[in-house]
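Q: quick one, structure for this:
(2 chains)
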Amino acid sequence: MSMLSERNTEGLEILYDNYSSALYGVIHRIVQNDEMAEDVLQETFLKIWNNFAQYDPGKGRLFTWMVNIARNMAIDKVRSKEFSQNQKNRDIADSVSFVDFDNQATFNPETIGIKEMVRKLEPEYKQIIDLLFFGGYTQSEAAEKLNIPLGTVKTRSRAAIMKLRREFDNVRT
Amino acid sequence: MDVKEYISSGVLELYAMGALPPSEMKEVENVCASHPEVAAELGRVQDGLNNYASAHARNPRPEVRAALMEKIGKRGKVLQMRSPHELTYKYLIAACIASLIISTFASVFFYQKWSEAEDRYVAVVNEKNVMAQNLNLVKYDYDKVNHDISVMRDPAMTTITLKATDSTKYYMAHVFWNKYTRQTFIDIADLPLPPEGKQYQLWALVGGQPVDAGVFDMTAEGNMHRVKQVLQAEVWAVTLEPRGGSISPTMDQMYLISKS
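A: Predicted coordinates:
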């Protein structure tokens, strides 16, 4: 981290080697295209490199900060004109629901167990996280999309993540 | 505020997934700042989401890493180029080149000046040598004249004036004769130049008998000529004779004669 603050490129290399797979996974999940996902991954690391001074360790984990950058850039990319021209016939929410974990090209051995667990997640929980977290939907947009009350979006989010947490704890122990 | 209720409302989950409008996000941050247990719960929610995000991990092609590092590396180099240390060297090199150019021009300029000065110096030295030669010539002439004057000033020196035998002409010469040393000089005041192959000859007449006193030329160097020593003379005469002189004078070619 001190390497990154001093703008030492070695620091960025270490950061890339540790987190590129996770960030690329999130980005790919959102943009659904290898080439575009690679572009966004590069832009994400450039942004991390240039804005590293803005990261505040007191506010949360580095990974959370980086995932949010990757996620926002990927969602921006999906919403950009360029993308909508390429993907005229596909709605973002539909594209999100296309996700199929079995089709992933490479697996990180450490996360195979986690993938198994994610597959066990109830469809409604998976759907709410996909819309909000990967789709960039707001609470009210999700409520409209799923045709459920605003408060339900909130409680379902809570339940979904509680379930995730429990499952992850089980995997670990 | 009921912390438990706040935590179970699901707002932290929405916050963690970025699904809240900015105003509500600010509110969550404020609550977290004042309630450590809420902040801790948010951390756990984020960890859960992070795990979920990690579950999607897949490896990008290695080319992406190389391209990224190249981009970053280029920026690093640009930053280095701007470092003051390197700038100092750049200025130093620029200053060196500038002074090299200036000194080269100065060298050419001063070489030309030096060449001109050298040429003028050679000219002055030549002029000096010519003047020294002239001075030597003048000194030689001066010494000669001085000697002539000293000869003439000798109290033992007798001056005899010779005039034209033809009374219509103004020919004239003076003979200087030292009665002790017998040294004899003739100084031409006015005589026509002798024709080719001819020379004037001085005669000393003793008891009516002519004695050869030597021949002399009419040269540009002066009209004073040293001739032969003469023991004694009553009358002096000058005749025009073939070059080299004659044993006896040609009387009808007598130009000058002194009064007895």
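
Q: is A:Leu164 in contact with A:Leu121, as I believe?
A: Yes. Using Cβ atoms under 8 Å, A:Leu164 makes contact with A:Leu121 at a distance of 7.0 Å. To be clear about C-beta, it is placed using only N, CA and C from the backbone, and glycine gets the same treatment.

Q: of those two, who's got more company?
A: Counted by other Cβ atoms under 10 Å in any protein chain shown, A:Leu164 and A:Leu121 do not tie: A:Leu164 has more neighbours, with 25 against 17.

Q: those helices in chain B, which residues are they?
A: Assigned helices in chain B, in chain order: B:3-8, B:11-16, B:22-34, B:36-54, B:62-81, B:84-153 (criterion: DSSP state H).

Q: lowest average pLDDT across those helices?
A: Between these, the one with the least mean pLDDT is helix B:62-81; it has a mean of 71.

Q: hmm, back to that, can you list the helices of chain B in CSV and add distance to A:Ile27 and mean neighbour count?
A: Supplementary listing: those in CSV, determined by distance: least, Cβ to Cβ, whole Å; neighbours: other Cβ atoms under 10 Å in any protein chain shown:
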stretch, distance to A:Ile27, mean neighbour count
helix B:3-8, 30, 14
helix B:11-16, 18, 26
helix B:22-34, 22, 13
helix B:36-54, 10, 20
helix B:62-81, 11, 13
helix B:84-153, 38, 10
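
Q: all strands for chain A, in order.
A: Read by DSSP state E, chain A holds no strands at all.

Q: closest to the centroid, which residue in it?
A: A:Val26 (3.7 Å; Cα atoms, centre = their mean).

Q: residue contacts, that residue?
A: If you count contacts by Cβ atoms under 8 Å, 6 or more residues apart in numbering or on different chains, A:Val26 has them with A:67, A:70-71, A:74, A:134, B:53, B:56.

Q: I'd say A:Pro149 and A:Ala143 touch.
A: Yes. A:Pro149 is in contact with A:Ala143 according to Cβ under 8 Å; the separation is 6.5 Å.

Q: that older thread, mind putting the helices of chain B into a markdown table with distance to chain A?
A: Shown next, in a markdown table, are those (distance: least, Cβ to the nearest Cβ, whole Å):
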| stretch | distance to chain A |
| --- | --- |
| helix B:3-8 | 7 |
| helix B:11-16 | 4 |
| helix B:22-34 | 8 |
| helix B:36-54 | 4 |
| helix B:62-81 | 5 |
| helix B:84-153 | 17 |
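
Q: picking up where we left off before, nearest to B:Ser246, of the contacts of A:Val26?
A: A:Ala70 (141.9 Å; Cβ to Cβ).

Q: per-residue pLDDT of that closest one, please?
A: For A:Ala70, the model assigns a pLDDT of 93.

Q: so what's it up against?
A: The contact partners of A:Ala70, taken as Cβ under 8 Å, 6+ apart, are A:23, A:26-27, A:40-41, A:44.

Q: what stretches of chain A score poorly on pLDDT?
A: Along chain A, the model assigns pLDDT under 70 to residues A:1-7, A:81-115, A:117, A:171-173.

Q: which stretches in it count as helices?
A: Using DSSP H, the helices of chain A run over A:2-5, A:9-31, A:34-50, A:62-79, A:81-86, A:92-97, A:112-119, A:123-129, A:139-146, A:150-172.

Q: does anything pack onto the last one? Which helices or strands?
A: Read that as helix A:150-172. helix A:112-119, helix A:123-129, helix A:139-146, helix B:11-16, helix B:36-54 (3 or more Cβ pairs under 8 Å, 6 or more residues apart in numbering or on different chains; DSSP states H and E).

Q: closest to A:Ala53 out of the ones you listed?
A: Proximity to A:Ala53 (Cβ to Cβ) singles out helix B:36-54 among those, at 21.4 Å.

Q: need the residues that contact the closest one.
A: Counting by Cβ under 8 Å, 6+ apart, helix B:36-54 makes contact with A:22, A:25-26, A:60-61, A:63-64, A:67, A:108, A:111, A:114, A:118, A:129, A:133, A:161, A:164-165, A:168, B:3, B:6-7, B:12-13, B:15-17, B:28, B:31-33, all of which sit outside it.

Q: domain map for the chain?
A: Chain wasn't specified; assuming chain A. As given by automatic domain parsing, the domain ranges for chain A are A:1-90, A:91-173.

Q: chain B is the one I meant
A: Split by automatic domain parsing, chain B gives B:3-58, B:64-153, B:157-258.

Q: which residues touch A:Phe63?
A: So A:Phe63 contacts A:19, A:22, B:50 (Cβ under 8 Å, 6+ apart).

Q: can you rerun that using 10 Å?
A: Counting by Cβ atoms under 10 Å, 6 or more residues apart in numbering or on different chains, A:Phe63 touches A:18-19, A:22-23, B:46-47, B:49-51, B:53-54.

Q: same question, B:His35
A: If you count contacts by Cβ under 10 Å, 6+ apart, B:His35 has them with B:1, B:3, B:6-7, B:41-42.

Q: if I look at the most centrally placed residue in chain B, how far off is B:Leu100?
A: The centroid of chain B falls nearest to B:Trp114 when counting by Cα atoms, centre = their mean (1.9 Å). Going from B:Trp114 to B:Leu100 by Cβ to Cβ, to the nearest Å gives 20 Å.
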